[in-house]
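Take this sequence and fold it.
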Amino acid sequence: MLSSAQDITAIRSRVRQTLDKGVQIDLSTEPCKRYLRRHVNRKVAVVILYADIDGSTRMSMAIPASDFATILHIFSQEMTLAASESGGYTLKYVGDAVIALFPAQHDKQQASKNTVECARLMHDIIRDGINPELRARGLPELRIKVSIDYGDVQVVLYGKSLERSHIDIVGSSISAAAKMISLVPSGQIVVGECILQNLIGVMPPDSFTRLEADTSRWSYGSGGKGSYSLYLLKAC
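Numbering: from 1, shown residues only. Down below sits the predicted model:
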């Protein structure tokens, strides 16, 4: 949630500058790479967040390419800042999606709470900070979907050089979060059952409602206990 009118003013000012002059911050993923380099060839517990623009393909066909590129810059810029301010790292940019990770090896409960609050913040930023400026320029407004999951991931270095080789993560939680995003209704936040378990005691259980996923599109298991359950955050 945006904490003050000054935050909204700052975001809207930065969005206007981006519309006029281009992206205003460094969108490098180097901070995340530095974190991952400390854990090469090891498993680490993380919370994964996917933030995806809903309807981006239609948007790209409806407006000039330069306008669409600027909107992507604004989205990526503001979601990156939201993740950083919430204690996370931007792992990568994939088309119209921003993927962030939140270290959870020391406190999975706090990391899960921070990630859910980050997702809420992202929606607030879209609604109160970005869309008013896009609307003022006659550009299409954004709606996003966010998915969140928790688990161990393997840090993999693709090469010999710790500093120069590509580094990434693999694991069921990042795969699940990627699949979950296609099931999220527009403007909503979905979390996996591991997140719900992590949040016991720090968020009211009625903050979420179960998402009845189409089994033809969602087949992730839950330790031999049936399908992995998904939950929508209420009052997003």
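
Can you tell me how far residue 12 is from residue 59?
Residue 12 sits 21 Å away from residue 59 when distances are taken as C-beta to C-beta, to the nearest Å. Yep, even glycine has a C-beta here, placed from its N, CA and C like the rest.

Please disregard the earlier target; I meant residue 121.
As for residue 121, its distance to residue 59 is 23 Å (criterion: C-beta to C-beta).

any idea how far the residue of the chain positioned farthest from its centre lies from residue 166?
Going by C-alpha atoms, centre = their mean, the residue of the chain most distant from its centre is residue 160, 29.9 Å out. Using C-beta to C-beta, residue 160 is found at 11 Å from residue 166.

next one: residue 31
For residue 31, the distance to residue 166 equals 16 Å [C-beta to C-beta].

Give me the longest strand you can find in this structure.
In the chain, assigned by DSSP state E, the strand with the most residues is strand 144-158.

tell me the SS of residue 101?
Here residue 101 is strand, with the state taken from DSSP: H, G, I helix; E, B strand; the rest coil.

Show me what the residue lying closest to it once chain neighbours are set aside bridges to in the sheet.
Leaving aside its chain neighbours, residue 101 sits nearest to residue 46 (4.6 Å; criterion: C-beta to C-beta, 6 or more residues apart in numbering). Assessed by DSSP bridges, residue 46 has beta-bridge partners residue 103, residue 151.

who does the longest helix anywhere in the chain touch, helix- and strand-wise?
Longest helix in the chain by number of residues (criterion: DSSP state H): helix 65-85. Under the contact definition 3 or more C-beta pairs under 8 Å, 6 or more residues apart in numbering; DSSP states H and E, helix 65-85 sits against helix 5-21, strand 43-53, helix 56-62, strand 89-94, strand 97-103, helix 108-124.

Ok, which of these comes nearest residue 186?
Between residue 186 and the helices and strands packed on helix 65-85, the tightest spacing by C-beta to C-beta is seen for strand 43-53, at 10.1 Å.

Surely the residue nearest to residue 101 touches residue 104?
Yes - shown here, residue 46 and residue 104 form a contact pair, counting by C-beta atoms under 8 Å, at 5.4 Å.
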